[in-house]
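1. model the following, please.
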Amino acid sequence: MEKPLDVLVIGGNRYVGKRLIARLLTEGHRVTVLNRGSSPPPAGAEHLLADRDDERSLTGALGSRAYDVVVDQVCYTPRQAVIARRVFAGRTRRYVMTSTVEVYEYEDSPAPLREEALAPATVPVDLDLPWDDPVFAEAHYGEGKRQAEAVLAGGGAAFPCATVRMAHVLGGDDDFTGRLAHYAERIRTGEPIAVPTVNRPATYVYVEEAARFLAWAAGEDFTGPVNAAAPGALSTEELCEAVAAHVPGGRVVFRPVRVGEVSPFSFRRSYGMDGARAAGLGFGFTDARRWLPRAVAETLGKGD
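-> Sure, this is the predicted structure:
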């Protein structure tokens, strides 16, 4: 970094987001956090209050402000992307959207997927779907991100944008998802863990490296999608072994199911991500098996 950046972080003031903000501040950047007031930003960051779903609210809060880079942690739907593109065109030289591995949810590939497996320009956008319905949006999380990527990519050279396709995040004592706790409870009681009859491994990323990658990406100039994933796909069995190490006397029992709901980190499709582009751009992720024990220990309250 040659000089401090003016960075706007939209939402994300917890978990990965709070680590991102802390890193940016530690690195000497000027940070503004925009949210609806659900939580204040850390000391040293400016705070703007706005509803990012309301274009008038957003433009009113921003006033005449402009930024070197906007990192959008909470763009989930194409409607939100349309508003973001309109509001930030001309206000920032670079826009970074946190996307997800779930954009590949329709794929089934034995080989890790490169970014070109999903070109945003090929994704049809339907703004008339009920994206404002929280139940619908949650049920169509991957599709919402796919279409949001497509909207942002449509800005072309006039709206330089990178979309970070984040792998499943693990680690931290503030993991609010409850996914590892799901396994810990079943292992403690010996209750069977539901997995597909053919259970595919998946790619993951350590929470600290996820934040470090976003902070690094804010200062770069690449555009387009990039996978953020640690090398080394993990199976449900490996995750459960790591969890079982912290559950004395527990038993890991799997129950294969052909149809119906399965445990959080069990997958019928194979859509692990290839991290070659991130490495080629200059960022190296640590192999998942090196940080997995630490990540599980942190989340289960046994970290150091």
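
2. and the nearest residue to residue 167 once chain neighbours are set aside, how close does it get to residue 101?
-> Distance criterion CB to CB, 6 or more residues apart in numbering; nearest residue to residue 167, sequence neighbours excluded, is residue 229 at 3.7 Å. Yep, even glycine has a C-beta here, placed from its N, CA and C like the rest. As judged by CB to CB, to the nearest Å, residue 229 and residue 101 stand 7 Å apart.

3. shared neighbours, these two?
-> Taking CB atoms under 8 Å, 6 or more residues apart in numbering as the contact rule, residue 229 and residue 101 both touch 165-167, 203, 273.

4. narrow the residues you listed to those in strands?
-> 165-166 (DSSP state E).

5. counting neighbours, which of the shared contacts of residue 229 and residue 101 comes out on top?
-> residue 273 (28 neighbours; other CB atoms under 10 Å).

6. I'd say that residue and residue 230 touch.
-> No. Contact criterion CB atoms under 8 Å: residue 273 and residue 230 do not qualify, at 9.5 Å.

7. measure stretch 142-162 end to end?
-> When the termini of stretch 142-162 are compared using CA to CA, to the nearest Å, they are 17 Å apart.

8. distance from the chain centre to that stretch, please.
-> A distance of 15 Å separates the centroid of the chain from that of stretch 142-162, by CA atoms, centre = their mean, to the nearest Å.

9. show me what counts as buried in that stretch.
-> Within stretch 142-162, the residues scored as buried using 16 or more other CB atoms under 10 Å are 142-153, 155, 159-162.

10. now stretch 247-260
-> For stretch 247-260, by 16+ other CB under 10 Å, it's 247, 250, 252, 254.

11. for stretch 113-132, same thing?
-> Going by neighbour count (16+ other CB under 10 Å), the buried part of stretch 113-132 is 113, 115, 117-118, 120, 123, 125, 129, 131.

12. and the most far-flung residue of the chain relative to its centre, which of the three is it?
-> Going by CA atoms, centre = their mean, the residue of the chain most distant from its centre is residue 249, 34.0 Å out. What DSSP: H, G, I helix; E, B strand; the rest coil gives for residue 249 is coil.

13. in helices, which of the buried residues of stretch 113-132 appear?
-> Within these, no residue falls in helices by DSSP state H.

14. follow-up on the earlier one: relative to residue 273, how far out is the residue nearest to residue 167?
-> With CB to CB as the criterion, residue 229 and residue 273 are 4 Å apart.

15. quick one: contacts for the spatially closest residue to residue 74 that is not a sequence neighbour?
-> Once flanking residues are discounted, residue 74 sits nearest to residue 11: 3.3 Å by CB to CB, 6+ apart. By CB under 8 Å, 6+ apart, residue 11 lies in contact with 17, 34-35, 52, 72-74.

16. name the residues contacting each of residue 229 and residue 273.
-> 101, 165, 167, 203.

17. sorry, back to before: what sits in contact with each of residue 273 and residue 230?
-> Common neighbours of residue 273 and residue 230 (CB under 8 Å, 6+ apart) are 167, 203.

18. I figured residue 171 hits residue 211, correct?
-> No. Assessed by CB under 8 Å, residue 171 is found out of contact with residue 211, at 10.3 Å.

19. who's the spatially most central residue of the chain bridged to?
-> By CA atoms, centre = their mean, the mean C-alpha position of the chain lies nearest to residue 166, the distance being 4.1 Å. Bridge pairing for residue 166 (DSSP bridges) gives the partners residue 100, residue 228.

20. can you redo the buried residues of stretch 247-260 as TSV with pLDDT?
-> Formatted as TSV, those follow (pLDDT from 0 to 100):
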residue	pLDDT
247	93
250	89
252	95
254	96
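
21. so which of those is the closest to residue 7?
-> residue 247 (40.6 Å; CB to CB).

22. number of residues surrounding residue 110?
-> Neighbour count for residue 110, taken as other CB under 10 Å: 7.

23. roughly how far does the residue nearest to residue 167 sit from residue 188?
-> 30 Å.

24. tell me which residues in stretch 99-110 are buried?
-> Buried, per 16+ other CB under 10 Å, within stretch 99-110: 99-105.

25. next: stretch 163-179.
-> So for stretch 163-179, counting by 16+ other CB under 10 Å, buried means 163-172, 175, 179.

26. OK, contacts around residue 125?
-> Per CB under 8 Å, 6+ apart, neighbours of residue 125: 78, 147, 150-151.

27. what about the helices in the protein?
-> Using DSSP H, the helices found in the chain span residues 16-26, 55-62, 78-88, 134-139, 141-153, 179-189, 207-218, 236-244, 276-281, 288-299.

28. hmm, who's touching the second one?
-> In this case it means helix 55-62. So helix 55-62 is contacted by 34, 48-52, 83, 86-87, 91 (CB under 8 Å, 6+ apart).
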